[in-house]
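>>> dropping a prediction and its sequence here:
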Amino acid sequence: MGFLDFVKKQFIDIIQWTEEGDEVLAWRFPMRDMEIQQGAQLTVRETQAALFVHQGKPADLFGPGQHTIKTQNIPILTDLANWDKMFESPFKSDVYFFSTRLRLNQKWGTSNPITIRDREFGAVRLRAFGIYTFKIAAPRVFYQKVSGSRDTYGVGDVEGQLRNTVVAVLTDHFAESNVPFLDMAANQAELGAAIADKLRPMFADLGLSLENFQVENVSLPDELQKRLDERIGMNVVGDLGRYTQFQTAQSIPVAAANEGGAAGAGAGIGAGIAMGQAMTQAVSQAGAAAPAARPAPGTCARCAKPMPAGARFCPECGAAQALTCPRCNARLDKASKFCPECGAPQAN
């Protein structure tokens with residue numbers, strides 16, 4: 001290398017990264033054809049990490065603080081480059097910075113319904129969504145498996161992979177748990193904790209740490225949700241007949257409002273008649289099942305005092321007595337020879 005080339009060569013004596021946004025996870029310090037000077041200052045801020053990379057191989061990792069770069073504190077790089085321990089010349093190396101801050105409120109959700117077999121409803125299609133929080137926990141692993149040698153690597157570059165991982169684990173958990181949908185929807189915190197336990201090793205394999213995972217909603221498609229609401233309503237009312245009457249009553253104002261005019265009124269009246277007939281039939285059946293009470297045999301219809309058989313007037317109150325059957329106490333006409341109720345012969 002000539003003298004002029006040496007003069008043009010620039011040496012780096014300050015290495016740092018000032019983050020300008022929340023999106024970037026990994027950033028490569030711009031080296032171009034420059035070399036790092038022995039004794040250069042490496043500044044790593046809080047929630048950052050810096051990784052030296054020699055010819056694509058990850059070397060020394062630095063945490064937050066002010067570091068003076070010398071051969072003595074970059075032993076892995078020294079070994080990879082086959083430097084002598086007393087090596088004091090400028091050197092080339094890539095330096096990658098990583099943001100280790102928490103990435104809060106990352107959204108996840110099922111783009112398509114998940115079909116599972118439910119003990120109560122049979123095959124159902126569920127949708128679910130929620131949020132999670134993660135951070136880079138192992139920059140060396142993240143560099144090797146995720147970000148690689150790109151100049152910049154952001155949250156948007158990895159969120160698709162993480163979302164797919166979440167949905168895959170969610171689907172497997174639904175299939176294996178055999179928990180009814182109603183119990184699942186009512187215990188979302190427990191559901192989230194169970195899924196998080198399965199996700200953490202998968203995140204760690206990428207150099208990430210899953211700090212929080214929440215299931216915010218588990219829902220059914222609209223059609224199945226409507227059926228579920230109807231079933232709950234029927235359970236609240238008590239039985240199918242009463243639920244039908246309840247639904248009929250609810251439909252009267254809706255029909256009148258939606259149709260309008262005579263058609264709406266006719267629909268409302270028709271629904272009301274149907275409900276009235278159902279109620280009338282129920283009342284009639286109840287009335288038929290409970291026959292009217294009759295006076296006890298051999299007693300006065302007015303004062304209920306005992307009377308001799310065949311007496312036409314009460315000896316106590318003098319009230320005239322209607323003819324009754326001595327066997328069943330049914331009322332008789334004077335000319336009756338047999339009781340119309342029980343068929344017993346009557347003495348005239």
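Thanks, I have the structure now.
>>> and residue 196, which of the three is it?
At residue 196 the chain is in helix, as set by DSSP: H, G, I helix; E, B strand; the rest coil.
>>> look up the closest residue to residue 52, ignoring the ones flanking it.
Nearest non-adjacent residue to residue 52, counting by CB to CB, 6 or more residues apart in numbering: residue 59, 4.4 Å away. Using the backbone N, CA and C atoms, a C-beta is placed for each residue, glycine as well.
>>> ok, the one you found - contacts?
Listed by CB atoms under 8 Å, 6 or more residues apart in numbering, the contact set of residue 59 reads 51-53, 74, 76-77, 80, 93.
>>> what about stretch 18-28, start to end distance?
12 Å (CA to CA, to the nearest Å).
>>> hang on, the earlier thing: what's the closest of the contacts of residue 59 to residue 317?
Distance to residue 317, by CB to CB, is smallest for residue 51 among the contacts of residue 59, at 114.7 Å.
>>> how about the closest one, phi and psi?
Dihedral angles phi and psi of residue 51 (degrees, to the nearest 10) take the values phi -120, psi 120.
>>> likewise for residue 140?
Per degrees, to the nearest 10, the backbone of residue 140 is at phi -60, psi -40.
>>> so what's it closest to, chain neighbours aside?
Using CB to CB, 6+ apart, the closest residue to residue 140 is residue 58 (4.9 Å).
>>> am I right that the one you found is in a strand?
Yes - counting by three-state DSSP, one finds residue 58 located in a strand.
>>> my guess is residue 104 meets residue 135, correct?
No - shown here, residue 104 and residue 135 do not form a contact pair, counting by CB atoms under 8 Å, at 9.6 Å.
>>> more neighbours: those two, which one.
Taking other CB atoms under 10 Å, residue 104 and residue 135 do not tie; residue 135 has more neighbours (18 against 13).
>>> what sits against the more buried one?
Residues in contact with residue 135 (CB under 8 Å, 6+ apart) are 100-103, 208-209, 211.
>>> mind putting these into TSV with distance to residue 122 and pLDDT?
Shown next, in TSV, are the contacts of residue 135 (distance: CB to CB, whole Å; pLDDT from 0 to 100):
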residue	distance to residue 122	pLDDT
100	47	97
101	46	96
102	42	96
103	39	95
208	38	98
209	39	98
211	37	97
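>>> can you add secondary structure and give the residues you listed back as JSON lines?
Formatted as JSON lines, these follow (three-state DSSP):
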{"residue": "100", "secondary structure": "coil"}
{"residue": "101", "secondary structure": "coil"}
{"residue": "102", "secondary structure": "coil"}
{"residue": "103", "secondary structure": "strand"}
{"residue": "208", "secondary structure": "strand"}
{"residue": "209", "secondary structure": "strand"}
{"residue": "211", "secondary structure": "strand"}
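>>> ok, of the residues you listed, which one's closest to residue 178?
Using CB to CB, residue 211 is the member of the contacts of residue 135 that lies nearest residue 178, at 29.2 Å.
>>> name the helix or strand for the nearest residue to the closest one once chain neighbours are set aside, please.
Using CB to CB, 6+ apart and skipping residues adjacent in sequence, the residue nearest residue 211 is residue 133, 4.4 Å away. Per DSSP states H and E, residue 133 falls inside strand 122-136.
>>> state the mean pLDDT of that strand.
Taken as a whole, strand 122-136 has an average pLDDT of 91.
>>> alpha carbons only: can I get that strand in PDB?
What follows is strand 122-136, C-alpha atoms only, in PDB (Å, rounded to 0.1, in the frame of the first residue of the first chain):
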ATOM      1  CA  GLY A 122     -69.300 -30.700  17.900                       C
ATOM      2  CA  ALA A 123     -66.900 -29.200  15.200                       C
ATOM      3  CA  VAL A 124     -66.600 -25.500  15.700                       C
ATOM      4  CA  ARG A 125     -64.500 -22.800  14.100                       C
ATOM      5  CA  LEU A 126     -62.800 -20.400  16.500                       C
ATOM      6  CA  ARG A 127     -61.100 -17.100  16.100                       C
ATOM      7  CA  ALA A 128     -58.700 -15.600  18.700                       C
ATOM      8  CA  PHE A 129     -56.500 -12.600  19.100                       C
ATOM      9  CA  GLY A 130     -54.400 -10.900  21.700                       C
ATOM     10  CA  ILE A 131     -51.100  -9.200  22.400                       C
ATOM     11  CA  TYR A 132     -47.600 -10.200  23.500                       C
ATOM     12  CA  THR A 133     -44.300  -8.600  24.600                       C
ATOM     13  CA  PHE A 134     -40.800  -9.800  23.700                       C
ATOM     14  CA  LYS A 135     -37.200  -8.600  23.600                       C
ATOM     15  CA  ILE A 136     -33.800  -9.700  22.300                       C
END
